[in-house]
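*Asks:* just need the structure, nothing else, for what follows:
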Amino acid sequence: MQERSFKRILKQSVDSPLTTLDRFVSLLESRLDVVLFRSCFVPSLYKARQMVNHGNVLVNGKRVKDPGTRLSQLDLIEIDMKISLTQGANAVLKNVVTNFSSRFLPPHLEIDYKTLSVIFLWDPNYDGTFYPIKADYEIIQRFYK
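*Replies:* Below is the predicted model:
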């Protein structure tokens, strides 16, 4: 994720009436590129952004080309099965097999690996999302002011 996008999300969380780490995580984890990465469909956030930019992702049946699209409760995210040969359905399934055992699958996503689709069930919070480091929201806010 670019620093500019990160700063924008931090500003949204600070401006929110619920200025907490939970709101910040909710804004980060509800981005389309992050959901594709968390569902193990792609090996990195860069590949997730690339897949969305190339028009290979549908949200509620509509093609989306903005990786920063914020998802709402019960949005259906689908990988277009007619995607290019370099990132075909088989390549997506290989990514799933490779990344499945090493990643935390979040409870706020219902993932169907047969149809390559995800349902975004609810906005996650900090406790329900795995981060390998302990985040200090106040330090993050001070650093980016």
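*Asks:* where does the chain dip in pLDDT?
*Replies:* Judged by pLDDT under 70, the chain has its weakly predicted residues at 18-19, 83-89, 101-102, 132, 135, 145.
*Asks:* identify the residue nearest the geometric centre of it.
*Replies:* residue 34 (1.7 Å; Cα atoms, centre = their mean).
*Asks:* any idea how far the closest residue to that residue other than its chain neighbours is from residue 140?
*Replies:* Closest residue to residue 34 apart from its sequence neighbours, by Cβ to Cβ, 6 or more residues apart in numbering: residue 28 at 6.3 Å. Placement of C-beta: from N, CA and C, glycine included. Separation of residue 28 from residue 140 (Cβ to Cβ, to the nearest Å): 11 Å.
*Asks:* with residue 35 instead?
*Replies:* Counting by Cβ to Cβ, the gap from residue 35 to residue 140 is 22 Å.
*Asks:* those two: who's more crowded?
*Replies:* Neighbours were counted for residue 35 and for residue 140 using other Cβ atoms under 10 Å; residue 35 has more, 24 against 16.
*Asks:* doesn't that one fall inside a helix?
*Replies:* Yes - residue state for residue 35 (DSSP: H, G, I helix; E, B strand; the rest coil) corresponds to a helix.
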